[in-house]
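1. just the structure for this:
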Amino acid sequence: MIAVRPVADEQELRAALAVRQTVFVDEQGVPGELEYDEHDADADHLVALDGEAVVGTCRLLHRGAVCKLGRMAVLPAARRRGVASALLDLAERRAQDRGARRMALSAQVAVVDLYERAGYTAHGTVYLDAGIDHIDMDKPLHA
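-> Have a look, this model is predicted:
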C-alpha cells in the first residue's frame with residue numbers, strides 16, 4: 001500500500017532528494033547542478049512511501065493563486081502503481097488549502113498523458129529543459 005504525505009523530517013527530505021537523484025540525474029542524465037536549486041529550501045516537499053521506503057516525490061512552490069508543481073519522480077520499481085497520481089491528488093489539495101486557484105507544471109513530453117488524465121491541459125510549444133522535451137501544463141483548482 002502506497003501512502004503519500006508531506007515530508008516528516010530531514011531524513012525523509014534526504015530520501016526524497018535521493019529519489020530525484022536516481023530518476024533525473026542517474027536515469028535521465030540531468031546534470032546535478034540543474035536538478036537541485038534554491039527553491040528546494042522553501043518548497044513544500046511531498047513523498048510517497050511503500051512501507052517505510054520513499055519511492056516517489058514532488059515539490060510544490062506556493063505562489064499565491066498559482067502553485068507550481070515540479071520535480072515529480074517515482075522510482076522505476078514503483079511505477080505504474082498509481083504513485084504519481086496519488087502525489088498529484090495530495091499536491092492539489094495542499095495547493096487549494098493554501099489558496100491556489102491554479103496548478104502549473106512543466107511536464108516531460110513522455111508523461112503528458114499522466115497529467116492529461118488528471119485534468120491538466122498543455123499549452124505553448126515543446127521546449128528543451130535539461131536536454132529533455134517539456135511542455136507547460138496547467139489545471140484550474142476548484143473549491
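2. from here on, contacts and neighbour counts on C-alpha atoms
-> Will do.
3. beyond the host helix or strand of Leu17, next helix or strand please.
-> Using DSSP states H and E, Leu17 sits in helix 10-20. As assigned by DSSP H and E, the chain's next helix or strand after helix 10-20 is helix 32-35.
4. coming back round to it: name the residues of the helix holding Leu17 that come out as buried.
-> Within helix 10-20, the residues that qualify as buried are 12-13, 15-20, counting by 16 or more other CA atoms under 10 Å.
5. report all helices and strands that the stretch of helix or strand Ile135 belongs to contacts.
-> Assigned by DSSP H and E, Ile135 belongs to strand 132-140. Packing partners of strand 132-140 (3 or more CA pairs under 8 Å, 6 or more residues apart in numbering; DSSP states H and E): strand 102-108, strand 121-129.
6. wait, doesn't Pro140 sit right on Leu105?
-> No. The criterion here is CA atoms under 8 Å, and Pro140 misses it with Leu105 at 12.0 Å.
7. still on that earlier bit, helices and strands around the helix holding Leu17, which ones?
-> Using 3+ CA pairs under 8 Å, 6+ apart, the elements in contact with helix 10-20 are strand 44-50, strand 53-63, strand 66-74.
8. got the CA positions of it in CSV?
-> C-alpha atoms of helix 10-20 as CSV (Å, rounded to 0.1, in the frame of the first residue of the first chain):
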residue,chain,number,x,y,z
GLU,A,10,15.2,15.8,7.3
GLN,A,11,15.8,12.1,6.8
GLU,A,12,12.7,11.9,4.6
LEU,A,13,13.7,15.0,2.7
ARG,A,14,17.1,13.4,2.0
ALA,A,15,15.3,10.3,0.8
ALA,A,16,13.2,12.4,-1.5
LEU,A,17,16.2,14.1,-2.9
ALA,A,18,17.8,10.7,-3.4
VAL,A,19,14.8,9.6,-5.5
ARG,A,20,15.3,12.7,-7.6
